[in-house]
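# Take a look and give me a structure for this.
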Amino acid sequence: MINSIFFDELYKQFAWLDSVFTPVVKNCSSEFFFDGFEYKLMSVSTNMNILSQNDTFFVTKVKINAKNDVYIRISQDAINVILDKVLGKNNRRFDLTEVTELEARIITAFNDFLYESLAPNFTIEPHRRYNEILHLTYFVKSEISDAAAKFIISVPKDILSPKEPEPQAPRFEDRDFANSLVEVNLLLGTTTFPVADIKKLDVGDIVVFENSSSSEMTLVCENIVQKFQVKPNIKIIEPYDTSGGGSMEENANTNLWDSIQVDMSAEFDKVKVTLGELKSIEEGLIVDLCSVYDNKVSLKVGGKFVASGELVIINDRFGVRIEKVNDSEKAPEVQTPQTETEAPSENSEEDFDYSDFEVEEKQG
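Predicted structure coming up:
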């Protein structure tokens, strides 16, 4: 198991070193050479072998007390990047095995200058031996060089005193977003219907959803599925007596397939609620959603559109008064092919297909 506290401390340490060392490195380079070099802190490590593998370095050692040193290592490739920028590109590449005394003095002078600029950030005890060394690996490049080359600053860890960043007030608070809108689905409930009754749905019919409650809805927003309490809207309560028998006629010719019971769900078309309302829902508060009651409600089977209408409340259950029916089963058998300028209907892919429940008659 990863210790998140340990990694938090590492991130804070890296951020502090980057904020303190990197500006000094850039300023020293600009003052000693020219502007136009880019320096990026890539690594803070206690393992030197991995960082220096396959590279040749010019090393400057600066004694900080009787027992410890700071090392600044500039790779041969990094020196080439600097020389190409300062002197212009040429065919002669800098080679550490052939370094002249003048070149060595210039590089050493820069490293000493860099150390003097970094020194105010060190706390050094005169006679203490420091064992753990931190290696800060930088990449340097310029606009005339495609390559990024390394140089490494190695300092005893205990001479550094990282400071905790001052806590800052959050830029945003929850209330700043309370009125922002987000799209959600609001599910009202489900009921079971024979396929034959779904086929007979007509404008003006009322479908009551047995598995629903007028004081409860379910919200779906991406990976959030949350039931919540609502204040029923008394304006949509319908006086209705369900004791008088079935709401649809029996069909004596109903076949086996038409008698299959399927689940039908009711949900609002995509609605927008504020983040304040969403937060209230997550906290279990009773929400007043009167603003959405005027939205159309879709009836679906298997996620496919069957009908739509307006919401009503009957005997503490949600119901829908049908205003539009998917009449795909009433379409003529032969249809005129669509021309290139004709677009498919808005619900063509989502409409419920009654032929899913039809069975071809066997030939005698």
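
# what sits opposite the residue lying closest to V225 once chain neighbours are set aside in the beta ladder?
Leaving out its chain neighbours, the residue that sits closest to V225 by C-beta to C-beta, 6 or more residues apart in numbering is T218, at 6.7 Å. The C-beta positions use only the backbone N, C-alpha and C, and glycine is treated the same way. Beta bridges link T218 to L187, K227 when assigned by DSSP bridges.

# Neighbours of T218, how many?
Around T218 sit 15 other residues, with neighbours defined as other C-beta atoms under 10 Å.

# surely it meets N211?
No. Under the criterion of C-beta atoms under 8 Å, T218 makes no contact with N211, lying 10.9 Å away.

# Identify the residues contacting the spatially closest residue to P194 that is not a sequence neighbour.
In space, and not counting its chain neighbours, P194 is closest to S259: 5.4 Å by C-beta to C-beta, 6+ apart. Counting by C-beta atoms under 8 Å, 6 or more residues apart in numbering, S259 touches P194, V195, A196.

# So S259: helix, strand or coil?
Per DSSP: H, G, I helix; E, B strand; the rest coil, the secondary structure class of S259 is coil.

# thinking again about what came up before, looking at the contacts of S259, which has the most residues close by?
Of all those, the highest neighbour tally under other C-beta under 10 Å goes to V195, namely 21 neighbours.

# Check whether that residue really touches D263, as I assumed.
No. Applying C-beta under 8 Å, one finds V195 not in contact with D263, separated by 11.6 Å.

# re the thing from before, so what pLDDT did the residue nearest to V225 get?
For T218, the model assigns a pLDDT of 89.

# same question, G303
pLDDT recorded at G303 is 85.

# burial of it, as a residue count?
8.

# Relative to V262, how far out is it?
Distance of G303 to V262, given as C-beta to C-beta, to the nearest Å: 12 Å.

# what ranges of the stretch 1-150 of the chain fall below the confidence cut-off?
For the stretch 1-150 of the chain, the stretches with pLDDT under 70 are 1-8, 49-53, 87, 89-92, 145-146.

# May I see the buried residues of stretch 32-43?
Neighbour-count burial for stretch 32-43, counted by 16 or more other C-beta atoms under 10 Å, picks out F32, F33, F37, Y39, L41.

# and the first one, what is it in contact with?
With contact taken as C-beta under 8 Å, 6+ apart, F32 is in contact with A109, F110, F113.

# again with the last one
Under the criterion of C-beta under 8 Å, 6+ apart, the contact partners of L41 comprise F14, L17, D18, F21, T22, L136, T137, Y138.

# now the second one, what's its secondary structure?
The one in question is L17. Following three-state DSSP, the label given to L17 is helix.

# That one: neighbour count?
19.

# related to what we said a few turns ago, name the nearest of the buried residues of stretch 32-43 relative to I234.
Of all the buried residues of stretch 32-43, I234 sits closest to L41, with 64.9 Å by C-beta to C-beta.

# For the closest one, which non-adjacent residue is closest in space?
Nearest non-adjacent residue to L41, counting by C-beta to C-beta, 6+ apart: D18, 4.7 Å away.

# re earlier: out of the contacts of S259, which is nearest to K235?
Taking C-beta to C-beta as the measure, K235 sits nearest to P194 out of these, at 32.0 Å.

# pretty sure the closest one contacts Q261?
Yes. Contact criterion C-beta under 8 Å: P194 and Q261 qualify, at 5.8 Å.

# would you list the contacts of L41 in TSV and tack on distance to G309?
Formatted as TSV, these follow (distance: C-beta to C-beta, whole Å):
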residue	distance to G309
F14	60
L17	65
D18	61
F21	68
T22	64
L136	69
T137	67
Y138	68
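
# what residue ranges in the stretch 151-300 of the chain score low on pLDDT?
163-174, 240-255, 283.

# now the strands for it?
Along the stretch 151-300 of the chain, counting by DSSP state E, counting those that start in this stretch, strands occupy 181-194, 206-208, 211-212, 216-221, 224-229, 261-268, 271-274, 297-301.

# Can you give me the buried ones in the second one?
Burial within strand 206-208, assessed by neighbour count using 16+ other C-beta under 10 Å, is assigned to V207, V208.

# just how off-centre is it within its chain?
When distances are taken as C-alpha atoms, centre = their mean, to the nearest Å, strand 206-208 is centred 40 Å away from the chain's centroid.

# Give me the helices and strands touching that strand, please.
Packing partners of strand 206-208 (3 or more C-beta pairs under 8 Å, 6 or more residues apart in numbering; DSSP states H and E): strand 181-194, strand 304-314, strand 317-325.

# what pairs with the shortest one, and is each one parallel or antiparallel?
Within its sheet, strand 317-325 is paired with strand 206-208 (antiparallel), strand 304-314 (antiparallel), according to DSSP bridges.

# isn't E267 right up against L188?
Yes. With contact defined as C-beta under 8 Å, E267 and L188 form a contacting pair (6.3 Å).

# neighbour-wise, which of those two wins?
Neighbours were counted for E267 and for L188 using other C-beta under 10 Å; L188 has more, 23 against 19.

# tell me the contacts of that one?
F209, S212, M217, S265, A266, E267, F268, V297, L311, F318.

# from the contacts of L41, which single one is nearest S280?
S280 has its nearest neighbour among the contacts of L41 in F14, at 39.8 Å by C-beta to C-beta.

# which ones are touching that closest one?
Going by C-beta under 8 Å, 6+ apart, F14 touches L41, V44.

# Confirm that it lies within a helix, as I assumed.
Yes. With three-state DSSP as the criterion, F14 is part of a helix.

# hang on, the earlier thing: can I get the helices and strands packed on strand 206-208 in a markdown table including distance to Y130?
As requested, the helices and strands packed on strand 206-208 are arranged in a markdown table below (distance: least, C-beta to C-beta, whole Å):
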| stretch | distance to Y130 |
| --- | --- |
| strand 181-194 | 54 |
| strand 304-314 | 72 |
| strand 317-325 | 73 |
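
# Many thanks, I have nothing further to ask.
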